[in-house]
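A.B. asks: Give the three-dimensional model of this entry:
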Amino acid sequence: MKLLYILTPLAPLCGAIAAGFFGRKLGRVNSHRATIAGVGIAFLFSLIALFANLSGDGAVFDETIYTWMISGGITFEVGFLVDRLTVVMMTVVTSVSLMVHIYTIGYMHDDPGYQRFFSYISLFTFAMLMLVMANNFMQLFFGWEAVGLVSYLLIGFWYKKPTAIFANLKAFLVNRVGDFGFLLGIAAVLMYTGTLNYSETFAAAPALVGQTMEIFPGAAWSVLTVTCICLFIGAMGKSAQIPLHVWLPDSMEGPTPISALIHAATMVTAGIFMVARMSPLFELSETALSFVLIIGSLTALLMGLIGIVQNDIKRVVAYSTLSQLGYMTVALGASAYSAAIFHLMTHAFFKALLFLAAGSVIMGMHHEQDIRKMGGLKKYMPVTYWTSLIGSLALIGFPGFSGFFSKDAIIEAVHGSHITGSGFAYICVLLGVFITAFYSFRLFFLVFHGKERFDEHTREHLHESPRVVTVPLILLAIPSVILGAFTIGPMLFGSYFGGAIQVAENHDVLAELGQHYHGAFNFVFHGFKTPALYLALSGTLLAGYIYLYNPGIAEWCYRKFGFIHKLLDNKYGFDDFNQKVFAGGSLRLADKLWSVGDVKLIDGVMVNGTANSIGLFAQVVRTLQSGYLYHYAFAMIIGLLAMLSIFIFTT
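C.D. replies: The predicted structure is shown next:
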């Protein structure tokens, strides 16, 4: 199995190298063949690893592959930890990536950067696999930064487009803020445990309970709380949690396939996975769990509200990603790590489906993305319509669909949690159900139903996308429907994860829920007794009534509550604050440092001032060099008298 685990990330890396360095010689067809083959091999190997673990033949693999460096007694290694948590992530990443690779053949068919794009998305898959398979913090950080780098390249793929360059720079800088906290957390782990290896760190963690550090003199801070919060700040950047969420909606400037890959299975899930992997640390700090819970609940609610006022088809789906990431984070804060990973898994498929379906609509509409200029597409794009409906139903948690099982499990877990902030979080996630249903079906009805709001030229050329686009949609629709029902039992209420996830007994809300779990059918039946189902139904019906039968209500609300619309459309002012305070403040500070520090101090005093001082000194000294002998004799006599005077008066 060791060789198989090594080849799993190397296969997409080889494909990326082939398309990136030899793409011109290989041509378009061979470039996508090489990258698809690489990701396909990784997917096949991931399935083998998954079934080996499920059958009991695959014991936990935790070995060093390569020792990179030993410095000061600290070992920096490349190593793999493959357990049941890892194989779930490997399978999700490679399966969604494979669908995106196939879809890209149709979507990017006419793009001049065809080979380069395939190289980037294959490299993205390699980076994510290295992250999830790591058995130490150094490799985790390598994968962490690698996905950040490739996302920068992909968001700014159309580098001649100013908005794309702005978006990728924004993503890069915001993630550096989170990564700074993440690096501090890793440093704290190393400082207090003396190791970067996961298993050694987790073994040493209980001894840190009660230990404190002084960040500020006289104030004692829990070592574990500070460490966990610093690690979570890294997750806030990668998984786009308030206030480090601002980069994710702008990532829509990249091509649609990469939107699906970033939002569904790679970069944004890295933070969720990392916190779940670090459960042995987080379980020892209830303060850190409360912090995670509050941040997640605010993200789930507030980002969903913004989705209501978006008119760009991809941005509506993007804000749904932000909201769903909030749900996963809430589950982490409630110690329901299994529920977070379960929702991560189901969400990956239906969110990839929704993004790729949005891309299919954009192709059919000749790259029009404003949903106000669509309508009535059902009869023109039937496959896209039905797969979009499946994705939307899964997203809102319609009973029986995958999203229902994972989202309701999170809501029930939060409801049963006793961690500080769980009551507030429960209200947020319940409201989020109504909001999710409303903006999801607002999008669906405006795009596929109602009157046609596009021109005659678009109507004449409007047709279903080619099979290379629709086949991935159909393949993603299948797990969006059935995956939750088949996996909820073992993943949430069984012992599937084993020791991969550790939960303190007093935090184990899923164990309490498991006592009342009697199968997927009964879980669906129980859903009819909870408010979540009726909130989702209300949001769907309200969206249908407003946008299909009485659009005047939306116009009236806009006139009556324009200030709320403006607040939401302005994204609560986060972007303005960042641009005016952080970016603008940095520019003003830089300008001040330039004018005062560089121009006046360095140039004026140190460089030019030194030169001027030497010039002035030279002018004074030059007057002493007159060339007359009696001047020099006089100076010698004065100097001799001065020396005699010093000698006489000091002795």
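A.B. asks: so where's the longest helix in the chain?
C.D. replies: helix 2-55 (DSSP state H).
A.B. asks: which helices and strands sit right next to that one?
C.D. replies: Packing partners of helix 2-55 (3 or more Cβ pairs under 8 Å, 6 or more residues apart in numbering; DSSP states H and E): strand 61-71, strand 74-82, helix 84-107, helix 114-132. C-beta coordinates here come from the backbone N, C-alpha and C atoms, glycine included.
A.B. asks: Report the inter-axis angle for that helix versus helix 84-107.
C.D. replies: Here helix 2-55 runs at an angle of 110 degrees relative to helix 84-107 (axes from the mean of the first three to the mean of the last three Cα atoms, to 10 degrees).
A.B. asks: what does the average pLDDT come to for helix 2-55?
C.D. replies: For helix 2-55, mean pLDDT rounds to 93.
A.B. asks: And Ile488, how close does it get to Ser323?
C.D. replies: Remark: distance between Ile488 and Ser323 (Cβ to Cβ, to the nearest Å) = 21 Å.
A.B. asks: In space, not sequence, find me the middle residue of the chain.
C.D. replies: The centroid of the chain falls nearest to Val268 when counting by Cα atoms, centre = their mean (2.6 Å).
A.B. asks: Between strand 74-82 and the host helix or strand of it, find me the angle.
C.D. replies: Val268 belongs to helix 267-277 when assigned by DSSP states H and E. Calculated by the same axes, to 10 degrees, helix 267-277 forms an angle of 100 degrees with strand 74-82.
A.B. asks: contact partners of helix 267-277?
C.D. replies: If you take Cβ atoms under 8 Å, 6 or more residues apart in numbering as the criterion, helix 267-277 is touched by 85, 89, 92, 124, 128, 131-132, 140, 143-144, 147-148, 151, 198, 231-232, 234-241, 248, 262, 282, 292, 321, 325, 328-329, 332, 337, 340-341, 344, 348, 500-501.
A.B. asks: try it again with 6 Å
C.D. replies: 89, 131-132, 147, 151, 235, 238-240, 325, 328, 332, 337, 340-341, 344 (Cβ atoms under 6 Å, 6 or more residues apart in numbering).
A.B. asks: By pLDDT, give me the weakest of the residues you listed.
C.D. replies: Ranking these by pLDDT, Ala240 lands last with 88.
A.B. asks: Using the three-state scheme, assign that residue.
C.D. replies: coil (DSSP: H, G, I helix; E, B strand; the rest coil).
A.B. asks: what's near enough to touch the closest residue in space to Gly416 that isn't next to it in sequence?
C.D. replies: Leaving aside its sequence neighbours, Gly416 sits nearest to Val509 (Cβ to Cβ, 6 or more residues apart in numbering; 4.4 Å). Neighbouring residues of Val509 by Cβ under 6 Å, 6+ apart: 336, 413, 416-417.
A.B. asks: Scan those residues and report the most crowded one.
C.D. replies: Among the contacts of Val509, Ala336 has the most neighbours (other Cβ atoms under 10 Å), with 29 neighbours.
A.B. asks: so what's that residue scoring on pLDDT?
C.D. replies: The score at Ala336 is 93. That number is its pLDDT.
A.B. asks: cool, Thr346 as well?
C.D. replies: 95.
A.B. asks: do Leu640 as well
C.D. replies: Leu640 carries a pLDDT value of 86.
A.B. asks: any idea how far it is from Ala633?
C.D. replies: 11 Å.
A.B. asks: Please report how far Phe142 lies from Ala127.
C.D. replies: Using Cβ to Cβ, we find Phe142 at a distance of 8 Å from Ala127.
A.B. asks: neighbour count winner among these two?
C.D. replies: Using other Cβ under 10 Å, the more surrounded residue of Phe142 and Ala127 is Ala127, with 26 against 18.
A.B. asks: got a list of what the more buried one touches?
C.D. replies: 143, 146-147, 150.
A.B. asks: Inside strands: which ones of those?
C.D. replies: The strands, defined by DSSP state E, take in nothing from the contacts of Ala127.
A.B. asks: which among the residues you listed gets closest to Gly38?
C.D. replies: Val150 (14.8 Å; Cβ to Cβ).
A.B. asks: Would you quantify the distance from the closest one to Ser119?
C.D. replies: The gap separating Val150 from Ser119 is 10 Å, by Cβ to Cβ.
A.B. asks: Likewise for Ser151?
C.D. replies: Taken as Cβ to Cβ, the span from Ser151 to Ser119 is 14 Å.
A.B. asks: same deal with Leu430?
C.D. replies: In terms of Cβ to Cβ, Leu430 sits 44 Å off from Ser119.
A.B. asks: okay, these two: which has more neighbours?
C.D. replies: Ser119 (25 against 17).
A.B. asks: Which one, of the helices and strands packed on helix 2-55, ends up nearest to Phe216?
C.D. replies: strand 74-82 (27.6 Å).
A.B. asks: can you pull the buried residues of the closest one?
C.D. replies: Using 16 or more other Cβ atoms under 10 Å as the test for burial, strand 74-82 gives 75-82.
A.B. asks: With respect to pLDDT, which of the residues you listed ranks lowest?
C.D. replies: Lowest-confidence member of those: Thr75, scoring 85 (pLDDT).
A.B. asks: Across the sheet, point out what pairs with the closest residue to that one other than its chain neighbours.
C.D. replies: Nearest residue to Thr75, sequence neighbours excluded (Cβ to Cβ, 6+ apart): Thr67, at 6.4 Å. For Thr67, the beta-bridge partners under DSSP bridges are Glu77.
A.B. asks: same check, this time on the one 4 residues further on
C.D. replies: For Ser71, the residues forming beta bridges with it (DSSP bridges) are Ile74.
A.B. asks: now the strands for the stretch 401-550 of the chain?
C.D. replies: Applying DSSP state E, counting those that start in this stretch to the stretch 401-550 of the chain gives no strands.
A.B. asks: quick one: the strands in the stretch 201-350 of the chain?
C.D. replies: 212-214, 220-222.
A.B. asks: Which positions in the first one come out as buried?
C.D. replies: Yep, that's strand 212-214 we're talking about. Within strand 212-214, no residue is scored as buried using 16+ other Cβ under 10 Å.
A.B. asks: Listing partners with orientation, what would you give for that strand?
C.D. replies: For strand 212-214, using DSSP bridges, the partner strands are strand 220-222 (antiparallel).
A.B. asks: for the record, mean pLDDT for the partner strand?
C.D. replies: Mean pLDDT, computed over strand 220-222, is 89.
A.B. asks: For the residue lying farthest from the centre of the chain, give me phi and psi.
C.D. replies: In the chain, the residue that sits farthest from the middle, by Cα atoms, centre = their mean, is Tyr630; the gap is 84.3 Å. As for Tyr630, its main-chain torsions (degrees, to the nearest 10) stand at phi -70, psi -30.
A.B. asks: And Pro255, by the same measure?
C.D. replies: When read as degrees, to the nearest 10, the backbone of Pro255 gives phi -60, psi 150.
A.B. asks: got a list of what it touches?
C.D. replies: Listed by Cβ under 6 Å, 6+ apart, the contact set of Pro255 reads Phe157.
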